[in-house]
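1. just the structure for this:
(2 chains)
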Protein chains: 2
Amino acid sequence: MDNASRYLEDFSVGMEFHSGPKLVSEADIIRYATEYDPQYYHLDPEAAKHSQFGQLIGSGLHTLSLSFRLFFDLDLWPKAIIASPGMNNLKWLLPLLPGDAISISAEITEVRPSRSKPDRGLVIMDHKTTNQRGEVILTVECLHMLRRRPEPAAGG
Amino acid sequence: MDNASRYLEDFSVGMEFHSGPKLVSEADIIRYATEYDPQYYHLDPEAAKHSQFGQLIGSGLHTLSLSFRLFFDLDLWPKAIIASPGMNNLKWLLPLLPGDAISISAEITEVRPSRSKPDRGLVIMDHKTTNQRGEVILTVECLHMLRRRPEPAAGG
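-> Reported below is the predicted structural model:
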């Protein structure tokens, strides 16, 4: 089945999806931080040596943004996606470091058809971001609202 | 008290902090989406007219990134901050639209000194992002780990 044919009915608890790795440079970290999180330990490699981290680290929101770029690139449900209404239990476990190659995995923990809207339902997934040393640096539960498969038009 | 003198002891439940507004352009939305969330309704104003939203909207992670830029610019605790270990109950309530001017507020709901590490503790805040129409577009609870005020050196 190609991804564009997938609807809510095609996803079930326990399915797992994995991305390839993405290399993150010092310049990438500084560019995100300049626009969205200009704390000195995300911006200035020299000053960051005197921070609690002892070196430049990526913004936690940069880790999150990159993690979902990797997830969206999987393009799991191009026609079914309605929106992602929220996230729960986001944990930043370890910092993103310059030169890290991060990858993500996402496992479905629940598929919940809507009670009020019969054309849709929620897929709930545990997302995990891992660096090239095999360390998990971020975990989060994310909700995705998907369309159910449209009824075929009645034949004549 | 200037912000650089603030430690965990200077924050208490019920304190609220507010940012000024930040204008978000269509170009801002497309730039974020190009790098982090390249779904067509964040990237292509023409194609987005045929999406469920009927127009271009910002990525939810863009709304989140901008919200925390506004929060970090308040610079509430430049010397006390250790890290932000996580977030809970993130809800995207309404989309970010081109031309919106968003602002944030953050209210402290809990201050919890660490049991295991006497030099630090958690501040837990309810964050809220509002557009220029007074609509709340995002809510999230965020945890921030702060240093306690250092003991003064013993006199001689």
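2. what ranges do the helices span in chain A?
-> A:26-36, A:40-43, A:45-48, A:60-73 (DSSP state H).
3. from residue B:47, how far off is residue A:140?
-> 29 Å (CB to CB, to the nearest Å). For glycine as for every other residue, the C-beta is placed from the backbone atoms N, C-alpha and C.
4. and the two? Which one has more around it.
-> residue A:140 (22 against 11; other CB atoms under 10 Å in any protein chain shown).
5. dump the helices of chain A into a markdown table; add distance to residue A:98 and mean pLDDT as well.
-> Shown next, in a markdown table, are the helices of chain A (distance: least, CB to CB, whole Å; pLDDT from 0 to 100):
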| stretch | distance to residue A:98 | mean pLDDT |
| --- | --- | --- |
| helix A:26-36 | 4 | 97 |
| helix A:40-43 | 11 | 94 |
| helix A:45-48 | 8 | 95 |
| helix A:60-73 | 11 | 97 |
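6. most packed of those?
-> helix A:60-73 (a mean of 22; mean count of other CB atoms under 10 Å in any protein chain shown).
7. re earlier: looking at the helices of chain A, which is nearest to residue A:20?
-> helix A:60-73 (7.9 Å; CB to CB).
8. okay, the helices of chain A in CSV with distance to chain B next?
-> As requested, these are exported to CSV (distance: least, CB to the nearest CB, whole Å):
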stretch, distance to chain B
helix A:26-36, 4
helix A:40-43, 9
helix A:45-48, 12
helix A:60-73, 4
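9. to residue B:116, which of those lies closest?
-> Using CB to CB, the nearest of the helices of chain A to residue B:116 is helix A:60-73, at 22.0 Å.
10. how many residues are close by the closest residue to residue A:9 other than its chain neighbours?
-> Closest residue in space to residue A:9, ignoring its immediate chain neighbours: residue A:149 at 5.4 Å, by CB to CB, 6 or more residues apart in numbering or on different chains. Using other CB under 10 Å, residue A:149 has 15 other residues around it.
11. likewise residue A:4?
-> Around residue A:4 there are 10 residues (other CB under 10 Å).
12. contacting residues for the residue nearest the centre of chain A?
-> Centroid check for chain A by CA atoms, centre = their mean gives residue A:68 as the closest residue, at 3.0 Å. With contact set as CB atoms under 8 Å, 6 or more residues apart in numbering or on different chains, residue A:68 has these partners: B:36-37, B:61.
13. which one of those residues is nearest to chain A?
-> The closest of the contacts of residue A:68 to chain A turns out to be residue B:36 (CB to the nearest CB; 4.3 Å).
14. quick check, the closest one in contact with residue B:59.
-> Yes - counting by CB atoms under 8 Å, residue B:59 is a contact partner of residue B:36 at 6.6 Å.
15. I'd say residue A:122 and residue A:115 touch.
-> No - checked against CB under 8 Å, the pair residue A:122 and residue A:115 is beyond contact range at 10.9 Å.
16. for the two, indicate the residue with more neighbours.
-> More crowded of residue A:122 and residue A:115, by other CB under 10 Å: residue A:122, with 18 against 7.
17. any idea how far chain B is from that one?
-> As judged by CB to the nearest CB, to the nearest Å, residue A:122 and chain B stand 13 Å apart.
18. ok, now residue A:95?
-> Taking CB to the nearest CB, one finds residue A:95 at 8 Å from chain B.
19. residue contacts, that residue?
-> A:53, A:57-58, A:137.
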